[in-house]
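>>> the following comprises the amino acid sequence and a computationally predicted model.
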There are 2 protein chains.
Amino acid sequence: MKNFADRLAGKIKEMNNPTVLGLDPKLDYVPATIRTKWAREEPNAQTASAMAILEFNKALIDATCDIIPAVKTQFAYYEMYGLEGLRALKETIDYARAKGMLVIADAKRNDIGATAQAYASGIIGRTSLIDGSEVAMIDADAMTLNAYLGIDGIEPFIKVAQESGKGMFILVRTSNPSAGDFQDLKLDDGRSVYEAVADKVEEWGLPLVGEFGLSSVGAVVGATWPEQAKTLRLRMPHAFILVPGYGAQGGDADSAACSFTDHGDGAIVNASRSLMCAYKKRNDLSEEDFATATRDEAIRMRDDLNAAIERKLG
Amino acid sequence: MKNFADRLAGKIKEMNNPTVLGLDPKLDYVPATIRTKWAREEPNAQTASAMAILEFNKALIDATCDIIPAVKTQFAYYEMYGLEGLRALKETIDYARAKGMLVIADAKRNDIGATAQAYASGIIGRTSLIDGSEVAMIDADAMTLNAYLGIDGIEPFIKVAQESGKGMFILVRTSNPSAGDFQDLKLDDGRSVYEAVADKVEEWGLPLVGEFGLSSVGAVVGATWPEQAKTLRLRMPHAFILVPGYGAQGGDADSAACSFTDHGDGAIVNASRSLMCAYKKRNDLSEEDFATATRDEAIRMRDDLNAAIERKLG
């Protein structure tokens, strides 16, 4: 398959929208009509919870798949509902792919050697079964990783990415308030820890740079830290940057724009709550029109980001 | 429920064995007789793979539950078989608990705020369902965590641990060859990155110190790095230390013993491959006696560790 960075950059260009729809389906994000329906129709509460989430996700995908290039599924919100939740995760991913969206598995995996290989097989690669057959389980296009264990924990993912046109986003500077606890610690060579991680991400990604000059070994840099984002864009000229923290977490479009290159590409901005719960801010719509609210917010976000990128390019 | 550190320390003392059985069931660890049987009996290769793993795990638990206090399940090796694999994970955990063993979920989760909360709910806590009921999904006694995102990513787990007598082991110095890529970087205050993480682990764990003087906020320190382990034992006097890397990864008992306190407690040593695949080194046993080989190796490992701890205490 084609290089992941090229597939993502191409799709963003085609849609003129560097947004990723974050599907972090907490039950209280799901409109009451859907929750009530499933609680009534499905006697098993675990199954009902998962089915409500799946129905919500599918409606959001339907409402945005022609204007948003990718989804990001946050594994925690599916795992917490056990096997039924993981079935909803798999069905969400299959549905998004069938609608032409790229899928980023937000799993932040980190482990060593054979174990990292097992995660790579399960999430972006293929698993060998007992009869020698090979099956793609999750089959995401890319996944998030944590690099604390060093290259041992990243190499197996790079191998799968090279072989199968898949990609990864490595945590560099996260969007949360305590991101600095370890990431900002100063090293004796003057760099911070997150800059040291960034330097490795750039180095590891060079063999996976595609036609757009961007690598399938990308980075996560929060929209909540514009100053760091400016530095990191320069330190990682080839990394595709996944930008969380826009919207509900407080990052604005100009902050998010700091992660884009001087060509106006090379980044994709995630929004979860602000897209999923857009209906909660719409007094003019009934709750049943939640998908319309999400689509309207997606268009507003797209225009907001594109205007900020224009301002940055000057 | 009682403090996790007390439950673990008590069980280690009762069995006089600081070993954790690592259940990292790669298919090629599973004896051919079990694999052949399932490949023949179960037409769905994914189900057959998971059932072979589950049968193997249960036999290993049966063979060791009276002499080994805990199991550690490495999530990657279950996730890679999809929903069937995760069902085998859940059944393995339930089986080990029913046999009286403590369960450490080796999932190395790391995320922020509400997402960390979702992981904590799913793995060591309880999930609220659509009808308001609460269910424990994985219900492990403890889990592994990665602290790169700072306290935001740890606090939700500490809260669940305090409320429910659960625990966690935070990656400090991992056992793999490239552990030093980031963990060994020198800070401008003279500490290394892993020492900075260790200092936080000790600090975060103080409210969860139990009767044995050990905290339910523990640390992961590889048996492959004895010098670092000695320093870390002093830096984290209260942390319960989970020690991977003994056996197949090259760590010996004296190296593992560096993570124990001067009272000879405060650590638990994991072995996966050397216990699971013990039968592969036994020419005197038929492959069908794999469980006997694991039990023999568990007794040898117990005695090896206890002798090393004795030597350390002098």
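Ah, there it is. Just so it is clear, the model here is predicted, and its values are computed rather than measured.

>>> was I right to think A:K26 contacts B:A114?
Yes. Counting by CB atoms under 8 Å, A:K26 does reach B:A114; the two are 6.9 Å apart. The C-beta positions use only the backbone N, C-alpha and C, and glycine is treated the same way.

>>> more neighbours, these two?
A side-by-side neighbour count of A:K26 and B:A114, using other CB atoms under 10 Å in any protein chain shown, places A:K26 first with 19 against 15.

>>> what values do phi and psi take at that one?
phi -70, psi 150 (degrees, to the nearest 10).

>>> again with A:F157
phi -70, psi -40.

>>> ok, it - contacts?
A:A116, A:Y119, A:A120, A:I124, A:M143, A:L145, A:M168 (CB atoms under 8 Å, 6 or more residues apart in numbering or on different chains).

>>> distance of the residue lying farthest from the centre of chain A from B:P43?
Distance from the C-alpha centroid of chain A, by CA atoms, centre = their mean, peaks at A:D131 (33.6 Å). According to CB to CB, to the nearest Å, A:D131 stands 10 Å off from B:P43.

>>> beta-bridge partners for the residue nearest the centre of chain A, please?
In chain A, the centroid-proximal residue (CA atoms, centre = their mean) is A:K72; its distance is 3.7 Å. Beta-bridge partners for A:K72, by DSSP bridges, are A:G22, A:I104.

>>> before we move on, back to that, can you tell me which of the contacts of A:F157 are in helices?
Mapping the contacts of A:F157 onto helices (DSSP state H) picks out A:A116, A:Y119, A:A120.

>>> burial count for the last one?
If I follow you right, that is A:A120. 28.

>>> in CSV, list the ones in helices among the contacts of A:F157 along with distance to chain B and pLDDT.
Output for those, formatted as CSV (distance: CB to the nearest CB, whole Å; pLDDT from 0 to 100):
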residue, distance to chain B, pLDDT
A:A116, 8, 97
A:Y119, 5, 98
A:A120, 9, 98
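
>>> which strands or helices does the helix or strand harbouring A:D303 pack on?
Using DSSP states H and E, A:D303 falls within helix A:290-313. In terms of contacts (3 or more CB pairs under 8 Å, 6 or more residues apart in numbering or on different chains; DSSP states H and E), helix A:290-313 is packed against strand A:19-23, helix A:45-64, helix A:253-257, strand A:267-271, helix A:273-276.

>>> sec struct for the closest residue to A:M236 other than its chain neighbours, please.
Distances taken as CB to CB, 6 or more residues apart in numbering or on different chains place A:E202 nearest to A:M236, at 4.4 Å, with adjacent residues excluded. Here A:E202 takes the helix state, with states given by DSSP: H, G, I helix; E, B strand; the rest coil.

>>> before we move on, the earlier item: the residue farthest from the centre of chain A: what secondary structure?
On the basis of three-state DSSP, A:D131 is classed as coil.

>>> what residues are up against it?
B:A39, B:A45, B:A48 are the contacts of A:D131 under CB under 8 Å, 6+ apart.

>>> count of residues packed around the last one?
Under the neighbour criterion other CB under 10 Å, B:A48 is assigned a count of 22.

>>> leaving out sequence neighbours, find the closest residue to it.
B:E42 is the one closest to B:A48 (CB to CB, 6+ apart), at 3.8 Å.

>>> and that neighbour, how many neighbours does it have?
18.

>>> cool, A:C65 as well?
Neighbours around A:C65, by other CB under 10 Å: 18.

>>> next, it: phi, psi?
phi -60, psi -20.

>>> identify the residue nearest it in space, chain neighbours excluded?
A:K99 (3.9 Å).

>>> check contacts around the residue nearest to the centre of chain A.
So A:K72 contacts A:V20, A:L21, A:G22, A:L23, A:V103, A:I104, A:A105, A:D106, A:L242, A:N270, A:S272 (CB under 8 Å, 6+ apart).

>>> again with A:K281
Contacts of A:K281 (CB under 8 Å, 6+ apart): A:A293.

>>> from A:T261, how far out is A:L214?
In terms of CB to CB, A:L214 sits 8 Å off from A:T261.

>>> how about the helices in the stretch 151-300 of chain A?
A:155-164, A:180-183, A:193-205, A:226-235, A:253-257, A:273-276, A:290-313 (DSSP state H, counting those that start in this stretch).

>>> okay then, goodbye and thanks.
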